[in-house]
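Q: Model the structure of this input:
(2 chains)
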Amino acid sequence: MIASGASAGATMPGYDFGAIESKWQKYWDDNRTFVQPNPGAPDFVDKPKLYVLDMFPYPSGAGLHVGHPEGYTATDIVCRYARMKGYNVLHPMGYDSFGLPAEQYAVEHGVHPARTTDDNIANIERQIKMFGFSYDWSRRLATTDVKYYRWTQWIFLQLFNSWYNPETNSARPIGELVDYLESGQLVLDFFGNAVTPPYGEDVAAVVGTQADTVRFTDLDDDQKRQVIDAQRLAYVDEVPVNWCPALGTVLSNEEVTNEGRSDRGDHPVFRRNLKQWMLRITAYCDRLLDDVDALDWPESVKIMQRNWIGKSQGAEVTFPIDGSDEIIDVYTTRPDTLFGATYMVLAPEHPLVGAITTDDCRPAVRDYVRAAAGKSELERTADAKEKTGCFTGAYAINPVNHEKIPIWVADYVMMGYGTGAIMAVPAHDTRDFEFARKFDLPIVQVVGPPEGVDWQGYVGEGTAINSGKYDGLPTAEFKRQITESLEADGAGRFATNYKLRDWLFSRQRYWGEPFPIINCSKCHSVPLNPGDLPLELPEIDDFSPAVSDDPDAPPSPPLGKVADWLNVLCPTCGGEAKRELNTMPQWAGSCWYYLRYLDPDNDSDFCDPEIEKYWMGPSRENPIGGVDLYIGGAEHAVLHLLYARFWHKVLYDLGHVTSPEPFGKLFNQGMIRSFAYRDPRGVYVGYDDVDLSGDKPVQKSTGAELSESVEKMSKSLKNVVNPDDVIAEYGADTFRLYEMFMGPLDASKPWNTRDIPGMHRFLRRAWRMVAGDEDSDGNVTEPLIGGGRDEDIERELHKLIKKVGEDYDALKFNTAIAALTEFVNAVYRAGSLAVDQAERFLLLLAPMAPHICEELWSILAHEKTLAYEPWPAFDEAMLAVDTIELPVQINGKLRGRITVDADATNDQIIQASKADPKVAAAIEDKEIIKEIVIPNRMVNLVVK
RNA sequence: GCCGGAGUGGCGGAAUUGGCAGACGCGCGGGAUUCAAAAUCCCGUUAUGGCAACAUAGUGUGGGUUCGAGUCCCACCUCCGGCACCA
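A: Modelled structure (predicted):
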């Protein structure tokens, strides 16, 4: 019968969402409801595990926008559902709190970034907690915590102290490399800084015959150090960077505008070579590429990862230079077009430019190269419409037909890809074609396109022509044969290239992880001992970097001002030395936070191995292992996910983690956009000045008609929706439900505040159904429970249990809500509901709207939280129906409906169809040529 | 330019993947309740024609496959996201 709480008093409890939500949030907190013990803890119960992760937020001063809770709500539903299904659920939250905005605020206002960060975290955490998410807050972390970044530094040391062994195809301790070199198992190749594996069993013989290889033991100590340092996964190299002298720092490509200026402050940015820390992510190209296939990720993200790595296969071809000993190596994916190479192009930065340019051409080439150097890479591609270039006066010899072809310099060739030089085949490459037309260079056809396609500029595959003995070969076969032939002549070889480059890992900023490195003039980069970590950021008063108008002035990071921090003694030689002044980029902290959640307070290890094994191990749903569900925005489809995968694989190789991949399943929530309004002059108008009551939106203050569009939320468009306001007016449960009801989780959707009352009404109806209500005038609505048990409702409930469970599994929350709404509507029509039916309904709704369900659950005389109640079961037999209604089509057009027994035979169904009056009329004096019965779906009669 | 994704009522979106187009919600219309309003409850709501039963059209455009197409194929248009001289 009805629970005493609902029937006893004269007054019905109303749906006071504000009171209910704070009550239950306090209850969960006080009772540690969602604290999940680790294996090994006394209260740990061995059950299947589920690790559900949100992309942690950057704690910006603006706080949460409505896009954040979309993903957080989805994961929360999955977690609450999984607990009811009997899983141990790991669901943590933290903050990606290093980063530029807090530091920039410090520069401008003198407030320490740590203080800004703490304030912002406090605010954003307050906002997150309003939603009642079931996070295990005992695992909270921030990347700026010393206890956290100590281990970020530790992982950096792992990278520094490792090299990539191509034999084992994995990262190995650097000591193994030293052993191989000292024992002669490995030697040094032509470049002196790389290491080659032995060419044969007898290394000594190889060293003897190959003039270009060197024995490690023949080197002096400094040379040895250089060789070793050049193999580390973290290494220092001089690389081209976006250098902004006014801000005193390098900028990532994302921080540089199309005009080649800094995103912040609009200062000029220069391309410049600087010594920087690099991470050897390129060693992992093939594994990062191959392992993508098996991941349960959106196909679009997998494609983006593959494109970013950008593997291509082709050949390297060596072109001799006419009248010179120099040679030019080019990379091409189309060695089959070699006979059509009518000129060559060097990138402006190519080292041979100076050496081969003739005196006549020197002034023009020098001017061209200098102009190119001043442009950023983005700027170069921005004015890509017009090709530019300059003839060097030199000629190369095409190795296949021995023709003399001119060598040009042009900035459409990039130094960073391939060899920085190309053979140009204008007939079959769009860029070369444009260039050749502009500079009037010869265009020779060597590929026969399909019928009706112009050969000029044809870049597809075809049949070879004008290619000597290769004429008639299809492209693929030609590529193989000519590369083999070049290889035999020593003029070329098969080659593979990647777009992915090593990761520029240092920034000249204060608010980041300091490198655990000491620079000594004698011993160079000396790592700290892991036991000496953490290396804390020193206190500092003035956060401004040294700014300069001189683009060639040396960088001087803020840490350089802290004399008592930076001046140290070298741990190796005891001489005077200085700490590394660069800090790590913001990506560093987010590369491994999912691992620290597992064991956040561990002071002796980044994570206990047993705990790691339990949470990151494979499961039935996630055979690869790693996080079982990772939800976040698509903006991280490439960099964050690629960097994290890279670090994870290094840790995997070194035996620190058990899964080869960090995130088994990934899901991208769609972007929530919102309406933006503009007045007739095109000025954006904020929501408080927009009147939507009429047909057209109108500006309240002026009466002007406004134009409406759907845009990304942004301050400048005045269309940002603040979750605090919505929760204050309707409550967190309504907010959660609304965001889940808007549409598919992965679709981009427009926020429409006018739709929110619909979800709020649904919750009120659910409330009245179970608890009744009394309005301000004292009008009492009795609850529907207690009126008796309706068997049709029971059947509906079993269908609902099945549907909602399936939808939760598939993250289809919008249709789950629709089904729950239909059920409530059906109960209102039926007019009664049994208590046990109400209870099961509440358990179904609880993952999405937990506060109201907890309160109604307690009104139904339950003392404990419903969070760990078993998920309701459904009975297949209850889903079966006696009769079904089938539509009957004539020639594919709906003409009637019949009702038949669920187990009716096809013959019976056809008979019943023909007996239907409307159908009978339609087929009268027609000949039936086909009768189609689709079981449980429909009937189609084809007539003539 | 290349690679993804998407176009369905006034609006957000459903449609067991080839089988009753428009579930559910918003908005709108009507009714009940109310002195009245709000709230609530019930009914209706793709368009056109018709009092109606019903008929015809209909899922971005044009073609095609099929007994049957929102769903599959071909060509195109528009919007969103990503990459962008990658040789």
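Q: mind listing the strands in the stretch 751-900 of chain A by residue range?
A: For the stretch 751-900 of chain A, strands defined by DSSP state E, counting those that start in this stretch occupy the ranges A:773-774, A:780-781, A:883-890, A:893-901.
Q: which one of the ones you listed lies closest to RNA strand B?
A: Nearest to RNA strand B among the strands of the stretch 751-900 of chain A is strand A:883-890; the distance by CB to the nearest atom of the strand comes to 3.8 Å. To be clear about C-beta, it is placed using only N, CA and C from the backbone, and glycine gets the same treatment.
Q: Do any residues in the closest one lie close to RNA strand B?
A: Yes. Residues of strand A:883-890 contacting RNA strand B under CB under 7 Å from any atom of the strand: A:E885, A:P887, A:Q889.
Q: tilt between that strand and strand A:893-901?
A: Angle, strand A:883-890 to strand A:893-901, by axes from the mean of the first three to the mean of the last three CA atoms, to 10 degrees: 150 degrees.
Q: need the next SSE after the least confident helix or strand in chain A by mean pLDDT, C-terminal direction.
A: Here the helix or strand of chain A ranked lowest by mean pLDDT, DSSP states H and E is helix A:4-7, holding a mean of 36. The helix or strand immediately downstream of helix A:4-7 is helix A:17-30, counting by DSSP states H and E.
Q: and A:T117, how many neighbours?
A: Burial of A:T117 is recorded as 26 neighbouring residues (other CB atoms under 10 Å).
Q: Tell me where the stretch 351-500 of chain A is predicted with low confidence.
A: Scanning the stretch 351-500 of chain A for pLDDT under 70 picks out the ranges A:375-385.
Q: Isn't A:W751 up against A:A676?
A: No. When contacts are counted by CB atoms under 8 Å, A:W751 is not listed as touching A:A676 (11.1 Å).
Q: Now the common contact residues for these two.
A: Shared contacts of A:W751 and A:A676 (CB atoms under 8 Å, 6 or more residues apart in numbering): none.
Q: And the pLDDT at A:L533?
A: Taken from the predicted model, the pLDDT recorded for A:L533 is 89.
Q: Can you pull the phi and psi angles for it?
A: phi -80, psi 160 (degrees, to the nearest 10).
Q: any idea how far the nearest residue to A:P618 once chain neighbours are set aside lies from RNA strand B?
A: Closest residue to A:P618 in three dimensions, ignoring its sequence neighbours and counting by CB to CB, 6 or more residues apart in numbering: A:G625, at 4.1 Å. Summarising the geometry, the distance separating A:G625 from RNA strand B, computed by CB to the nearest atom of the strand, to the nearest Å, is 26 Å.
Q: A:G625: neighbouring residues, count only.
A: Around A:G625 sit 21 other residues, with neighbours defined as other CB under 10 Å.
Q: Run through the residues that contact it.
A: Contact analysis of A:G625 by CB under 8 Å, 6+ apart lists A:M616, A:G617, A:P618, A:S619, A:T658, A:S659, A:P660, A:E661, A:G664.
Q: Low-confidence stretches in the stretch 1-150 of chain A?
A: Along the stretch 1-150 of chain A, the model assigns pLDDT under 70 to residues A:1-12.
Q: can you map out the strands along it?
A: According to DSSP E, counting those that start in this stretch, the strands that the stretch 1-150 of chain A contains are A:49-54, A:88-90, A:94-95, A:141-142.
Q: Equivalent analysis for the stretch 601-750 of chain A, please.
A: With DSSP E, counting those that start in this stretch as the definition, the stretch 601-750 of chain A shows strands at residue ranges A:629-633, A:666-669, A:672-678, A:684-685, A:690-691, A:698-699, A:707-712, A:749-751.
Q: what about stretch A:534-550, start to end distance?
A: End-to-end span of stretch A:534-550 (CA to CA, to the nearest Å): 36 Å.
Q: I'd like the distance between the closest residue to A:P697 other than its chain neighbours and A:V683.
A: If the residues on either side of it in the chain are set aside, A:P697 comes closest to A:L706, at 4.4 Å by CB to CB, 6+ apart. In this structure, A:L706 lies at 10 Å from A:V683, with CB to CB, to the nearest Å as the measure.
Q: Neighbour count: these two, which is higher?
A: Each of A:L706 and A:V683 has its neighbours counted (other CB under 10 Å); A:L706 has more, 21 against 10.
Q: For the closest residue to A:D291 other than its chain neighbours, the count of nearby residues, please.
A: With sequence-adjacent residues excluded and distances taken as CB to CB, 6+ apart, A:D291 is closest to A:E661, at 5.9 Å. The burial metric for A:E661, expressed as a neighbour count using other CB under 10 Å, is 24.
Q: so what are the domain limits for chain A?
A: Chain A breaks down into these structural domains: A:1-31+A:752-875, A:312-497, A:881-943 (assignment by automatic domain parsing).
Q: Local confidence estimate at the closest residue to RNA strand B within chain A?
A: Across chain A, the shortest distance to RNA strand B (CB to the nearest atom of the strand) belongs to A:G758, at 2.4 Å. Looking at A:G758, its pLDDT reads 95.
Q: Run through the residues that contact it.
A: Taking CB under 8 Å, 6+ apart, one finds A:Y738, A:F741 in contact with A:G758.
Q: list the contacts for A:G99?
A: A:G99 makes contact with A:Y58, A:W511, A:Q586 under the criterion CB under 8 Å, 6+ apart.
Q: any idea of the pLDDT on the residue nearest to A:L651 when sequence neighbours are not counted?
A: Of all residues beyond its chain neighbours, the one nearest A:L651 is A:V657 (4.7 Å), with distances taken as CB to CB, 6+ apart. The predicted structure scores A:V657 at 97 on the pLDDT scale.
Q: and A:V657, what does it touch?
A: Taking CB under 8 Å, 6+ apart as the definition, contacts of A:V657 comprise A:L595, A:E612, A:M616, A:H648, A:L651.
Q: Which residues of the stretch 401-550 of chain A lie near RNA strand B?
A: Proximity of the stretch 401-550 of chain A to RNA strand B (CB under 7 Å from any atom of the strand) is limited to residues A:D411, A:Y412, A:V413, A:M414, A:Y417, A:G418, A:G420, A:I422, A:D429, A:R431, A:N497, A:K499.
Q: What strand or helix carries the last one?
A: Under the criterion of DSSP H and E, A:K499 resides outside all helices and strands.
Q: That one touches A:G416, doesn't it?
A: No. The pair formed by A:K499 and A:G416 falls short of the contact definition of CB under 8 Å, at 9.2 Å.
Q: Need the residues of the stretch 401-550 of chain A next to RNA strand B in CSV (columns: secondary structure and neighbour count).
A: Conversion of these to CSV gives the following (DSSP: H, G, I helix; E, B strand; the rest coil; neighbours: other CB atoms under 10 Å):
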residue, secondary structure, neighbour count
A:D411, coil, 26
A:Y412, coil, 18
A:V413, coil, 25
A:M414, coil, 15
A:Y417, coil, 16
A:G418, coil, 21
A:G420, coil, 22
A:I422, strand, 26
A:D429, coil, 22
A:R431, helix, 17
A:N497, strand, 18
A:K499, coil, 14
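Q: Check the residues you listed and tell me the two furthest apart.
A: Largest separation among those by CB to CB: A:D411 and A:N497, giving 19.6 Å.
Q: does A:K914 sit in a helix or strand, and which one?
A: If you go by DSSP H and E, A:K914 is part of helix A:906-915.
Q: in stretch A:772-792, what's buried?
A: Neighbour counts using 16 or more other CB atoms under 10 Å place A:G772, A:D773, A:P783, A:L784, A:I785, A:G786, A:D790 of stretch A:772-792 among the buried residues.
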